[in-house]
Structure formats: C-alpha cells, structure tokens
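Visitor: Take a look and give me a structure for this.
(chains A, B and C)
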Amino acid sequence: MIDLLAHLKTMLSAAGLSGFESPIREIVHEAWEPLTDALMVSKIGSLHGLKTGQGPEPRRRVLISAHMDAIGLMVTGIQGGLLRVTQVGGIDHRILPGQLVTVHGRETLPGMVVQPPAHLLPQEAGDGPVALPYLLVDVGLHPESVEEKVRVGDTISFSQEPLELTGEALAGHTLDNRVSVAATTLCLDELNNRAHDWDVWAVASAQEEATLGGAFTSPFDIRPDIAIVIDVCFAKGPGSSDWRSLPFGEGVGLGYGPNIHPALYRLFEEKAKAFEIPYHRDLMPKMSGTDAMAIQVVAEGIPCMVVGIPLRYMHTPVETVSLKDIRRAGRLMAAVIADLTPDALDQIQWEE
Amino acid sequence: MTKKLEISAGQVPEVGASQIALLEKLCNAVAVSGDEHEVRQIVLEEIKLIADEVRVDALGNVLATRFGRGENRVRVMLAAHMDEIGFMIVKKHDEGLFEFERVGGVDERQLPGKSVMVGREHRPGVIGAKPIHMTTADERKKKIEVSSLRIDLGPEIGDQVKPGDRAGFATRFEVLGPSLRAKALDDRLGVATLIELLKHAPDQIDLLAAFTVQEEVGLRGARVAAYALDPDMAVAVDATPAYDLPHWDEDDENDRFNTRLDAGPAVYVMDSATIPDRRLVNWLVETAAQEGIPCQLRQPGGGGTDAGAIHKTRAGIPSVSVSVPIRYAHTAASIARLDDWANSLRLLHSALSRVTPGLLAGERRD
Amino acid sequence: MKSLIQKLVETPGPSGFEYAIRDVIREAIDGHADEVRVDALGSLIARKGTQTEDGMRVMVSAHIDEIGLMVTHIDENGFVRFTNIGGISPLTCYGGRVVFMDGTRGVIGIDGIERGKMPMLSDLFIDVGATSKADCPVKVGDVCGFERPFLDLGKRMVAKSMDDRVAAAVAVEALKRLEATPHEVHFVFSTQEEVGIRGATTAAFGVDPDVGFAVDVTRSGDTPRVNPKMATALGDGPAIKVRDSSFIADPRLVDWMVTTAEKADIPYQLEVLEAGGTDGRAIQMTRGGVPAGCVSIACRYIHSPSEMVDSDDVENAIKLLVVLLSAPIVLD
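Guide: Next comes the predicted model:
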C-alpha cells in the first residue's frame, strides 16, 4: 500500500522547475522502482517506467503521462545583491510580493520576493500591481556573497510547506502536477495486484509548463497505441465558478474535446460508472492545456484521453486538492488499463 | 476487397450537377473541429470504390491512396480539411437555453440572430439577442459578448442536448446564379475537389489524399497525416477569403483584397504558416498559363493552411496551397463562384498530370 | 573574418529565399567538409568528422535567412505595398532602402498619417522609381531585403543582418578550424528561422543528432535605459544560453559548456532571453528529444537595419565552438 500523503509530501518538497527536473525525477524514480520492471530517462529528462503486461507478444502499449515539472522563477540578473527574475511557466505577478522562495544557486539559499517602493520604480510601473520585471528577490546576503553564489539562469522555487487542511484536503505549491504523479504511482501499485495484458509505460514528463517538451518527445520513442494524460483541472472556488471549473473533491474530470479520442472518453466513462468512481465531464472545446496537445500529434498520431484532478488556486503556492480525487484518478486509470484486452484497440475507432 | 472502379482515370473532371449535389451534402453536414464524423462518413462512402487503400487514423483523418502505374511515380499528397468552425455547448441553463464556446476563429459579431444545428441529430436552435427596445445607445456601441449569448433549443429539449455537443450554423446550401452560398465552404470545396481528383487521378503519380481534421484549431490533423503518408510533395486544397469589396473611400484603391472572385484558383506565395517552394508555385502558375485556366496569386500575408504543418514534417516536404476564393469565410454563409471552383479543379488536375520526378530534382531554388 | 562577415551580411536572403546566401556559404566552406547537401527546405548541411567511440553525432545550426519584405500589391501609380517576412518593426522601415532578389532597388515611404502615431506596415510602401503600374519592375510575390552597407567600427561591427549571418560566419570559421574531433559534426546552415524555426525543424529530423547546438544572436542589455533589463553586454564573451521563451537549454550541457569555456580560458556570459527563440528548440524537440544548447553573440538593435556586435565576441564564439566540438561531450 502506498502512503499517499507521505508520497506527496516527499514530492512537494522537491525542486524541479521545467527543464531542471532532476531533483523530482530522482524521487519519482525511487517511488516507481518497486512498481515497474524497467526505468529509464529520456534524452531530455522525462522518466519512463515500463510495467510489462501479461498478454501475448507483441503487446499493445498504453502511455500514462503525468508531468513532474514545476513553475517558478529564474534569475535574469543581479543588481546590488538583489536578484532580477523572470517566470518559468505562467505566474500571475500579483501573487508574488512577499512569497518565500528557495534560490538554487551554487548553494541552496532561502529568499523572498520583494516589491520595491513606488518611488524607486518608473512611474507607470509603481502604480497598481507591480509587474515581474520590477520585482526583486532578496536572499539576505551581502552583495559580494550573492555574486559568488548566484548566477544568471539559476532557478527559484516556491518554499511554501505543504499544509493539511480539514477533510483530506492538502494545500501547497506544485500540487500541479505532482498530484498526478502520485495518482500514477497509485495506479501502478494497483496494477501490481491485477493482471493486465498491455504494457504500461508510466511517464513523468518534463517541461510541460514551458514547452511541452516531454510530451512531444517521449511518445516518439515509446510509440504507444493509446495515451492517458493525467493533469490537474480547475476546481470550483473563489473566482472560478463558470463551466470550466469542476466541483472540489467530488470526483475526477474526464476531458472531452478535440484532443481526446471519443472512444477513449466513452471507455473511461463506462469504467467510472462500473466502479462507482464519481466523475464530471471536463469540456475542452479547443485545446486541453495539457501534454495531450503534444502527444496527440506525435508521429502518425496517438489517441489520447485526459483525466483531471480538480485543483483550486492553480499556479499559486497554495494550490489545494482533495486526496480523494487523487485516489479516484489512480483507481480509474488502473481499472481501465487492467481491462484492456489484447484486441481492445479494435474498439478505439472513430466510426461510432 | 472490392474491385476498384476504373471509371475515369485521367479524364478531366468537371463541375456538374452531381458534383454540386456532393458539395451540397458536404456543406449541409456539420463537422466542427474534433467531431468530423458526418463529413468523414460522406467522404468514406464517396471514395470507397475509387481508392486503393483507405484508412481512418488516430485523429480521425481519412487517408486514401490511389496508386498510379509505371516507374518513378512521384508520391503527391493532397490535403483538404473536413472540419469547420462552430461551437461546443458548455453549460445547460434553464428553459432550453445553453451556453456555448466558439471552436475556431469566429467573429462574435457574426453570432446574434443566427440559427444553428446542435448535435448529431441537427436539433434546431437559435442564438437570440436582446430586443433593441431594451438596449441603450451605449450598449449598441459594444460587441455582444459570447458569454452573454445562449443557444435556445426550446423549453422541452430536456436531456436531448448536453454539454460537449457540437453545433454549427444552420444555413442551407444554395446555388445563386453563378454562385454558391453555404456555410463551411471553407473547406468543403476542398473536400469535394479532392474526391473528384481521386476519381480522376492521373496515372503517372501516386495520389495520397488526406481528408484532415482539426485544421481550424491548429493544423493538427495534417501534421500526423503527412508523417504517416511521407509524400514527396504536397498541395493543400482550401478556401481563402476574397475581400474584394468596395473601399469606403471611393477614391481609395482596395489594396488588401487577399483574393478576388472570378479570378480563378488562388495560388499561395506566402502566408503565416508556409513559404511555399517556388518550384511548386511556378508549376501551378505555368500550368494555368499553358492550359488557359484563370488563376490568381493570393496576396502574401496572414492565414495558414494544412501546408503549414505538412512542409515541416519529417525531413521536410515541399508544399504549396491552392484555394478557391470565397467571400465571408468563417461566418454563417459564404459565397463562392462555381467557375472558380471548376477552374480550381481543372488547374489541379492539369498540374497533377504534369508532375514528373524532374519537378523537384535539385535543390529548392526560389 | 571581417571580409567573410561583410560578404554574408551584404548578400540578400529573406526567409524562404536563401539561395544566394546558400551559395556564398557553399563557397566559403568549399573543401573543408566531408559532405555537403541541401535538404527539402533549402538548409545547407555540411558534415565533417568521423564518429569515434567517445564521439556523438552533433548538429550545429546557424540560420542563414534574414527578415525581409514581400510584395502584396502594386497600385496604379506604381507604388508597391508589402507584408513582412519575419519580425519587422514599422519603426525601423521609413526611409529605409531595399533590394529585391533581382537587384531592383527601392525606398520605403509612408502614407500621410496622424503626427506622432506609430505607423503600421500597411501605412508603408516601397517606391522603386516607377511612374505607373505598367513600368513597375516588381510584381506580387517578389521579395526584398533591407539594404545597408557593412560598417566596420573597429572593435564593433554593424550591419543589417548580423542576425544571424554573424553566427553563420562563426559556424563557417569553426568548421574550417575544426581539426581533430571525435564527433560526426553536421553544420546546418538553416533556413526560415525568422518565420518560425522551420528549416532547423526538418534538418534536425534529417540529421537525427545525439546533441545539438544553435548559434545565434541574442539581445544585449547594455544600452541606455534598457527595458526589459538583461544581463548580457557586448564584449563580455559569447553567451551560453540557459533559456529563452521557447527553449530551455539542457542544464547538463550548459554546465559542461561553462566548464569547457573556463578550462580553455575563453570569456563567456550566461544568457536568459525573455522573448525570442532559436534553432535550439527545433533540435531539442526532434524525434525522441535531443540534449541541446546554444552559443549566442550579444547584439544591439536586433531586427533593425543596424545590428551591432563585438569583434572579440565573434572570435571568442568561434574558439568556444571549436573547443566544444573538439572533445567528447560530457552529460552528467
């Protein structure tokens, strides 16, 4: 049995901005080692775990993609011992002033994002929310020491500790998308106890938040027959109440739209019903905003499904999730995969 | 396997009553990006007896091959997209009203007061607007936001329509004298053209027809189709706007018309997605000149076709685009000239008949 | 070196129309490569070296296209309207001179617009000296580049297409100076970078490298009141890119490039470019993914007719590239 909370907390404490995933990759590697038959790292840093199926060879392949990279900041310059920064991934600059951060320099340095007083900024920059180019990071060291320890291109991650809220709710940074990595771990664990015909390729993908790099490249080498992308989706909460948001803690999202093969959608819906796993249709009229955008168009094209774990306050250091939904996502993926028969691909057709 | 119909290989295709009937069927079908089922069914039915190989790929593209005869056949990919701009229902409200999102580039000013078809059953709905009596002068200066519009399917609709269903404009296909008026002429004109070209494929080439999906949301189908077909060259067959309307200032020349009706097929020299191989541009323009087929260069500029995805595939595929000019693309009703369509078909057929390995021998020479 | 740069920057070659510049490159590397070929999108690919046990297949990509203009319409009086090929600012157009691929020259004029208003490209036209549509020597679809002579200011050099001809010059020179290499190096002189990194995309698929480097220019943050700020400066050495807006260089490769530069005593600077991309992205994203990095040359006034680089940066970029390609590449 996987201790979900403990597993998540190990991952949340690890750095791993887009393109710099090695710290988180090592942790996922350790977690997946006992659950897979082989583990390898792609040429650009995605982790590939193979769990061999029991079906006759040649076996079909299903790829599960959960991106492991995090959003954060990057040093662009050093001025008077303070750091100028830019973003890695999309961050609303209005949530930054006063955030505690960790600067990954020649050594790891605690720091904080600071907002200079208006009179030190160009007039238009000081009024209203201060834009990212005008914010600074202070690590509390003397300028000469900063110059020694920090250089342009160093990454900065949020240092908010995970917080357990009531009702199995967890808050913290980088729940997007470590919760999906955790759901994948749960899925692999469950598949340890269930026979499955297909080979399962679990991918902790790199660079989703910046370039979708992992999703463009891993499927090219793995050539899966189908792919399941697991990522967070919007949960209803303050400021997000329209059709794009799903209820919090009340089931997983099943993506529906051009990135998703309708036969896979139907398969997931049937399984969710059969296993009484609550779900909501997550509408994606244009693009899904996930690895599926890339995976679907790799090589000759790959049928994709998107599973969502509803998350509040996305891309802030206090993202909040319900552990129940993580477990549901893991169970659902395992249920679908375990029932993929050797000829299941015949059902995944367009002519419905 | 069914015996291939040797109906009319090499014969020059024409636009007559049966071609217009096919186009009508294609235009009246709804195939919003990501849900191209209806058009795909029509295409599959039309080509099943004429193509040597047909398959539907992972994204729903229809890939059809008609092999030629003889040695050194150039593998020519033709791409026309099956999808159209439209809507997805995203939320059910009370009294038969549904919130929707646009799929593909639709100007929100084109929406109020239009009728639509929702779902596979083509359930009729309307996009209404507030009575003018209840609007203020200030309000009328602003666009009506999509988020405030609803599709009304009537109070008894119940669960017959649900979030995720697609909707398209309900305009019916009509022939207006020399013109055609329909929704989705972009790119059912291309789809119909490809079907005709498959029927009349010249023998010295292998014709690889890709009826693609998801063009309107980012040329997605063409990308994987090109990878799979791996052709020697490609032509995207599409429809492109004709902004050949009078300039407000009558003394001013309209110098941004993109294309003009009645000037024949539009050959691309550059758009946002592709700088075509000039050998292919010249191949089309010279064919038109020699055959006496009218043809125009589309003004270089924005926009993009499936060629944008195709030419960057694998180690590079020389590509060009040919479009039928249409007025009012991406709205409820576009207008095209029958002659422009017929000439597009003639030009493509003549040009394909002239393809030799020599066309692309040597390096790209612009 | 300066004469090669001058030759390269004064040869027109807007994206998609690189044949003249390709010929210049072909001549410049004549006899120095083991094999030279041209791919479907017109990129020139020169292979040099044989892969040993410690070696890899390495792609080095410098783009040879430049921004330019394409004719969209000729009015009754022979004035020529145009659209952009790549990122053109109307700010730098008015009064500029252009040369068409056939040698026809023209100047850029502007419609009467409100004083103080920023013009749009559609407010501009090219005057080729025609008196009417009938005697206008250019036609719709014709292509021109900006015309501005190379300017040698001693330490600094100025030209209209330092982006990216200076990098092409660096790649040419590195190819020539490269003697012993454990690698099979493919020098790609890529096309259509300015319109979306297209040539490098297909070249990377074709070359199928184990590791790749782009060579390109980057913004320089050392001009008055620069905004946004940037830590790069002319003369501080070639820049080793950490990331730009479309690409995160492989951090293992960045570390190795830094160590290699330090060992060889070559000055360098680190680069984080907030808006812009290079061939590096195309290399990294090809097939199953490729570790990729980028050597940049700091450049002022990018995409204007007067782009400025530093001669020492150019020389040091060549040295760095040669050193990088001469030893086994270590990724850990």
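
Visitor: Residue C:109 is in what secondary structure piece?
Guide: strand C:105-110 (DSSP states H and E).

Visitor: With chain B in mind, check whether the next helix or strand after that strand reaches it.
Guide: The helix or strand immediately downstream of strand C:105-110 is strand C:124-127, counting by DSSP H and E. No - contact between strand C:124-127 and chain B is absent, the nearest approach being 9.1 Å (criterion: Cβ under 8 Å from any Cβ of the partner chain). Using the backbone N, CA and C atoms, a C-beta is placed for each residue, glycine as well.

Visitor: still on that earlier bit, each with direction, which strands does the strand holding residue C:109 pair with?
Guide: If you go by DSSP bridges, strand C:105-110 pairs up with strand C:97-100 (antiparallel), strand C:124-127 (antiparallel).

Visitor: Can you list the buried residues in the last one?
Guide: Going by neighbour count (16 or more other Cβ atoms under 10 Å in any protein chain shown), the buried part of strand C:124-127 is C:124, C:125, C:126.

Visitor: Just give me how far that strand sits from the chain centre.
Guide: 26 Å (Cα atoms, centre = their mean, to the nearest Å).

Visitor: CA atoms only: put the helix or strand just after it into CSV for me.
Guide: Next in sequence after strand C:124-127, counting helices and strands by DSSP H and E, comes strand C:143-146. Taking Å, rounded to 0.1, in the frame of the first residue of the first chain, the C-alpha atoms of strand C:143-146 are listed here in CSV:
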residue,chain,number,x,y,z
VAL,C,143,10.9,39.5,-52.2
CYS,C,144,13.3,42.1,-51.0
GLY,C,145,15.7,42.6,-48.1
PHE,C,146,16.9,45.7,-46.4
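
Visitor: State whether residue B:280 is indeed within a helix.
Guide: Yes - the assignment for residue B:280 by DSSP: H, G, I helix; E, B strand; the rest coil puts it in a helix.

Visitor: check contacts around the residue lying closest to it once chain neighbours are set aside.
Guide: Distance criterion Cβ to Cβ, 6 or more residues apart in numbering or on different chains; nearest residue to residue B:280, sequence neighbours excluded, is residue B:320 at 3.8 Å. Contacts of residue B:320 were listed using Cβ atoms under 8 Å, 6 or more residues apart in numbering or on different chains, and they are B:234-236, B:267-268, B:274, B:276-277, B:280-281, B:283-284, B:307.

Visitor: now do residue B:198
Guide: B:47, B:50, B:51, B:64, B:66, B:207, B:209.

Visitor: Counting only strands, which of those make the cut?
Guide: With DSSP state E as the criterion, strands contain B:64, B:66, B:207, B:209 from among the contacts of residue B:198.

Visitor: Could you check how far residue A:220 is from residue A:198?
Guide: Per Cβ to Cβ, to the nearest Å, residue A:220 is found 19 Å from residue A:198.

Visitor: When the two are compared, which one has more neighbours?
Guide: Between residue A:220 and residue A:198, counted using other Cβ atoms under 10 Å in any protein chain shown, the more crowded position is residue A:198 (25 against 17).

Visitor: Grab the nearest non-local neighbour of the residue in chain A sticking out farthest from the centre.
Guide: Relative to the C-alpha centroid of chain A, counting by Cα atoms, centre = their mean, residue A:119 is the outermost residue, at 39.3 Å. For residue A:119, ignoring the flanking residues on the chain, the nearest one in space by Cβ to Cβ, 6+ apart is residue A:126 at 7.1 Å.
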